[in-house]
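In: Structure for this input, please:
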Amino acid sequence: MLQPKYYGEFGGAYIPEILVSTFEQLVKAFEEAKADPSFWKEYEEILSSYSCRPTPLTFAENLTRYFGGARIYVKREDLNHTGAHKANNVMGQGLLVKRMGKTRVIAETGAGQHGVATATMAARFGFECTVYMGEVDVERQSPNVFWMERLGANVVSVKAGSRILKDAMNEAMRDWAANMDNTHYVLGTASGPHPFPEMVSWFQSIIGTEARRQIMEKAGRLPTRVYACVGGGSNAMGIFSGFFDDPVELIGVEAGGKGPGSGLHASRLAYRDSTVGIAQGYKTYFLQNRDGQMNDTHSVAAGLDYIGVSPILASLRDSGRVRFEAATDNEVLDALELTVRKEGLIPALESAHAFAQAFKEAPTMKKDDIILINQSGRGDKDIFLIADALRDPAWMEFIKKKARDYGA
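Out: Residues are numbered from 1 along each chain as shown. Next up is the predicted model:
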């Protein structure tokens, strides 16, 4: 019998009856995998040989000198295969799919990184793959759509609702309910019904385990503060997990969009515009109106443009263990430009939220303090968005020329 897990008052498994047996099967497979040391060994081996783990820790010497405060280190999840931390989760779930004997995987994606990672995993393991993506995100993340299709995935453009991440998740759940016998839903973040918050966090915990060991080796001490961007919460849970038992401040950075009071953001916890509700199979803080209808959200980063947040992070916010802040679109673009110029690192727009908040606080910290930033992904996928936002004249001329070449 399915026993939903809660984190304080958050979590659960509010699912249709038709999916109960499928969830029971998934919970059983997950619990057996956790209890089997050979499973984690196989997981680490495939990430080592296929996805470049362990990812390195980089000392940002120039940024440290520029701000004149805390020493800044960057955990390089951008160096994973497919360009983000998403590979950690999908490879783990792919191994579970093999255990369950299923042949098809489906996924939702916003920025496209989870979609590319799932399509890559499906190609590697020989699964059929369908990826649901909001129509708005299909347009603004076309390079990732291109690669998903090259990898053999069927990319379904979701035209319902706001046509972004939450709508893609809804469509994926409908697909799963209709095809549960042979299909597994590779949920991409630490949200949704049990066991997904726990399961995704467990696979992503490899980030924090590595980062803690690496910072002790390089700096000789624990970081003062750890920063991670927060959409659903997978990369944040990943790196935070390495420091939960340590006297380290953990800071989650949400999408501030156009700023507080604008209604054009995706900050559930920092701006406190959210209320507790139940949607998409779990209980957490959602950006919703008084009638429980989900509000429209906005972020320059498609991967943070989500109405809810991990129930684990919701509980950690309420307990005070994790502090939440928000970075606006303009702050994110400024932080990205500075990081590129000073360090030659190109963070994804999602990751740049963490950089932006760290940059606000670094100058006020002591020189022997240590900041650790999780660079959850790289910005190659964002070139169209970044160039457009910066109104780069050479890029605009290039696009115009391409349009003429294609006869537009």
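In: What mean pLDDT does the host helix or strand of Ala394 get?
Out: Assigned by DSSP states H and E, Ala394 belongs to helix 393-405. If you average the pLDDT over helix 393-405, you get 89.
In: contacting residues around that helix?
Out: With C-beta atoms under 8 Å, 6 or more residues apart in numbering as the test, helix 393-405 has contacts from 387-388. No exception for glycine: its C-beta is placed from N, CA and C like everyone else's.
In: Buried ones in it, by neighbour count?
Out: Using 16 or more other C-beta atoms under 10 Å as the test for burial, helix 393-405 gives no buried residues.
In: ditto for stretch 210-223
Out: 210-212, 214-215, 219, 222-223.
In: With stretch 327-334 instead?
Out: Those would be 327-329, 331-334, for stretch 327-334 by 16+ other C-beta under 10 Å.
In: where's stretch 12-25 relative to the chain centroid, distance-wise?
Out: In this view, stretch 12-25 has its centroid 24 Å away from the chain centroid, taken as C-alpha atoms, centre = their mean, to the nearest Å.
In: should've said stretch 61-78
Out: Distance, stretch centre to chain centre, for stretch 61-78: 22 Å (C-alpha atoms, centre = their mean).
In: That one: end-to-end distance?
Out: End-to-end span of stretch 61-78 (C-alpha to C-alpha, to the nearest Å): 19 Å.
In: likewise stretch 54-61?
Out: 21 Å.
In: same deal with stretch 160-171?
Out: 9 Å.
In: just the helices in the stretch 201-350 of the chain please.
Out: Here the stretch 201-350 of the chain has its helices, by DSSP state H, counting those that start in this stretch, at 234-240, 311-319, 329-343, 349-361.
In: any idea which of those helices is most buried?
Out: helix 234-240 (a mean of 31; mean count of other C-beta atoms under 10 Å).
In: starting at the chain centroid, how far to it?
Out: In terms of C-alpha atoms, centre = their mean, the centre of helix 234-240 is set 9 Å apart from its chain centre.
In: Provide the contact partners of it at residue level.
Out: By C-beta under 8 Å, 6+ apart, helix 234-240 touches 75, 77, 85-86, 88-89, 188-190, 200-201, 204-208, 211, 226, 228-230, 250, 252, 310, 312-313, 316, 322, 372, 374, 376.
In: change it to 6 Å
Out: Contacting residues not belonging to helix 234-240 are listed as 85, 189-190, 200-201, 204, 207-208, 211, 228, 230, 250, 252, 374, 376 [C-beta atoms under 6 Å, 6 or more residues apart in numbering].
In: now stretch 123-133
Out: Counting by C-beta under 6 Å, 6+ apart, 94, 104-109, 115, 119, 122, 148, 151-156, 158, 168, 171-172 sit against stretch 123-133.
In: Pull out the buried members of those.
Out: Among those, those that count as buried by neighbour count (16+ other C-beta under 10 Å) are 94, 104-109, 115, 119, 122, 148, 151, 153, 155-156, 158, 168, 171-172.
In: Let's see which of these end up in helices.
Out: Secondary structure from DSSP state H places 94, 115, 119, 122, 148, 168, 171-172 of these in helices.
In: what's the farthest-apart pair in the residues you listed?
Out: For these, the maximum inter-member distance is 21.3 Å, found between Gly94 and Glu171 (C-beta to C-beta).
In: Quickly name whichever of the contacts of helix 234-240 is closest to Asp388.
Out: Nearest to Asp388 among these, with distances taken as C-beta to C-beta, is Ser376, at 22.0 Å.
In: Could you count how many residues lie near the closest one?
Out: 33 (other C-beta atoms under 10 Å).
In: Now do the phi/psi pair for it.
Out: phi -70, psi -20 (degrees, to the nearest 10).
In: excluding its backbone neighbours, what's nearest it?
Out: Distances taken as C-beta to C-beta, 6 or more residues apart in numbering place Asn235 nearest to Ser376, at 3.8 Å, with adjacent residues excluded.
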